[in-house]
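> coords please:
(2 chains)
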Amino acid sequence: MSLSLDDVKRVANLARIEVSEHEAHTALAQLSGIFSLIQQMQAVDTSTIKPMSHAQDVMQRLRPDIVTEIDQRDLFQSVAPQVEAGLYLVPKVIE
Amino acid sequence: MQWEIVIGLEVHAQLSTQSKIFSGASTAFGAAPNAEACGVDLALPGVLPVLNRGAVDRAIKLGLAVGGKINSPSIFARKNYFYPDLPKGYQISQYELPVVEGGSVRIQVRQDGEEREKTIRLVRAHLEEDAGKSLHEDFHGMTGIDLNRAGTPLLEIVSEPDMRSSAEAVVYAKTLHSLVRWIGICDGNMQEGSFRCDANVSVRHQGADRLGTRCEIKNLNSFRFLEKAIDYEARRQIEILEDGGTIQQQTRLYDPDKDETRAMRSKEDAQDYRYFPDPDLLPLEISESWIAEVESGLPELPQQMRARFERDYGLSAYDASALTADRDISEYYEAVVEKLPSDPKLCANWVMGDISGYLNDEGKFFDNCPLSPTQLAQLLTRIKDGTISGKIAKEVSRQMWTKVRDQSATWKRRNSELEENLADQIIEAQGLKQISDSGALEKLVGEVIAANSKSVEEYKAGKEKAFNALVGQVMKAAKGKANPAQVNEILKRTLAE
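Below is the predicted model of the structure:
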């Protein structure tokens, strides 16, 4: 699979990363290198290998369904840029 | 050309846990803004999610109830998008290996006046966290964010596109709504957003095997809106196609005030969520013993109970379905039948009819019914043994209801206020017993015949209606307390003399 400059720009946009034309070219070269590595690995027959979803071979630890947190709103909001009536204020978003 | 509407539903059921899915913050509804948003919910740097066992328990319950496959391991994934009510920049959801795969829900649909069962297949049910809430009222041109809801556990239940009308979609949604409450995983409160539907709607020519392009209508939080939104959307698509246009795949919102759907501002790549397994969460292992433990705690399911009611009590599919609409009515009904096992149909009629009506008037449900099954069963027993007629029984039941309506006790939380022989007390105190003494009835009949010679003539001339008029007169003279069958018999005999 070959990656285009447009792909790089699109992914950057989705991830909200600002890239200059020059950076996009560098990223394209680096990402293409990674993709060719993946291509090499895909040549290996893995049909008998269980897919790995985590690097550590351990299972998720669970917690009991108990409320353990207390209201620390004032503390959390002391570092927020703008709050009002208990709400965090952000630049207007319209759906 | 006949059009066929094809509908699949995605239902978000908020799971009834005490704490959030990945944090120990409370999920209680109605707290002050952000009072229930802890460091994990706010996505403060360095925090890590820890999965709530109670949320997984509930997902397994649903999986077992719909006969789906429980995956182990099950994997959590990041769904990436940017919105201020999602502080991490991604929602933890599931993509590959959801907790539940497959399964089905059977629904009762009416077609050509006949009740019929239809199976709606499920694709999957997966766990995910809810986002916060954006308030767009004026905060000096800014948006207010309340993250209390962020991290609330949701189970997204996705159906196959197996429904063919808005009515079917509503029946499916209602069946699922009743099921999640029945197995106790979701309170089903739609006003508070505990049960919300997204509908995928497309249309195609009848008989076509390929699906048409679909539109997704988001966040339908009432059954009525679900039905209206689907109807509007299907009409809109058919009009476009009949004008030679094509349907664009998009996400739409339903506006109940205008009764129409409109496209959400949708960026070309809004759907590109770039899912990948969340490295903060290890694979979830669900052991056989865990599944067995959950299974042993499952109640009899509505479908099984419905079949049992039809089989053991001889009820119609309609009655059995109504009496298993929720656990409270079924429990109440069975408690009545236990006291009067000889006539489950009579019990069904009264529970679905008069008692449901009384409760409705008070805005109450069967779990809080102040009239006990024993009290009702005694009243019905008095109909059965001929002490009172069905008509008088209605009058007695009204008086019983007036008596118990305002008491604090309910049939489940009893106290000394509950008088189990209330029916007998009322019948006795007001002399409502049927006149079964045939001598007294014969006297009444004699009086009525003497006073209604015209009707008697007409009856003798062959007019059946005249007979009914005479029965009516006798019943009236007896103040409704005569046994109609007995009156018929005596009247016929006397007139034949």
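> Kindly tell me how buried residue 13 is, as a neighbour count.
Just so you know, I chose chain A. The tally of other residues near A:Asn13 (other Cβ atoms under 10 Å in any protein chain shown) stands at 14. For the C-beta atoms, the positions are set from N, CA and C on the backbone; glycine is no exception.
> I was after chain B.
B:Ala13 - counted by other Cβ under 10 Å - has 26 other residues nearby.
> and what of B:Thr246?
Using other Cβ under 10 Å, B:Thr246 is surrounded by 8 other residues.
> now swap in B:Asn452 and tell me
Neighbours of B:Asn452 (other Cβ under 10 Å): 17.
> pLDDT averaged over the strand ranked longest in chain A - what is it?
Secondary structure assigned by DSSP state E gives strand A:87-91 as the longest strand of chain A. Averaging pLDDT along strand A:87-91 gives 94.
> Touching it from outside, list them.
A:77, A:80-83, B:33-34, B:84, B:135, B:139-140, B:142-147 (Cβ atoms under 8 Å, 6 or more residues apart in numbering or on different chains).
> Secondary structure element holding the nearest residue to B:Lys218 once chain neighbours are set aside?
Among residues not flanking B:Lys218 along the chain, B:Asp198 sits closest, at 5.3 Å (Cβ to Cβ, 6 or more residues apart in numbering or on different chains). For B:Asp198, the element it lies in under DSSP states H and E is strand B:195-205.
> Quickly run through the sheet partners of that strand, with directions.
Strand B:195-205 sits in its sheet next to strand B:3-14 (antiparallel), strand B:215-220 (antiparallel), going by DSSP bridges.
> buried stuff in the shortest one?
For strand B:215-220, the buried set under the neighbour-count rule, 16 or more other Cβ atoms under 10 Å in any protein chain shown, comprises B:215-218, B:220.
> now check stretch B:19-33, is it near chain A?
Yes - judged by Cβ under 8 Å from any Cβ of the partner chain, stretch B:19-33 and chain A are in contact via B:19, B:23-26, B:32-33.
> Just the C-alphas of stretch B:340-352, formatted as CSV.
The C-alpha trace of stretch B:340-352 is given here as CSV (Å, rounded to 0.1, in the frame of the first residue of the first chain):
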residue,chain,number,x,y,z
LEU,B,340,-57.8,-18.6,42.5
PRO,B,341,-56.2,-21.4,40.4
SER,B,342,-59.5,-22.6,39.0
ASP,B,343,-60.0,-19.5,36.8
PRO,B,344,-56.8,-17.9,35.4
LYS,B,345,-58.7,-16.2,32.6
LEU,B,346,-61.0,-14.4,35.1
CYS,B,347,-57.9,-13.3,37.0
ALA,B,348,-56.3,-12.1,33.8
ASN,B,349,-59.4,-10.1,32.8
TRP,B,350,-59.5,-8.3,36.1
VAL,B,351,-55.8,-7.6,36.3
MET,B,352,-55.5,-6.3,32.8
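> for that stretch, the distance to its chain's centre please.
Put simply, stretch B:340-352 sits 21 Å off its chain's centre (Cα atoms, centre = their mean, to the nearest Å).
> buried residues in the strand holding B:Asp198?
For strand B:195-205, the neighbour count (16+ other Cβ under 10 Å) marks B:195-204 as buried.
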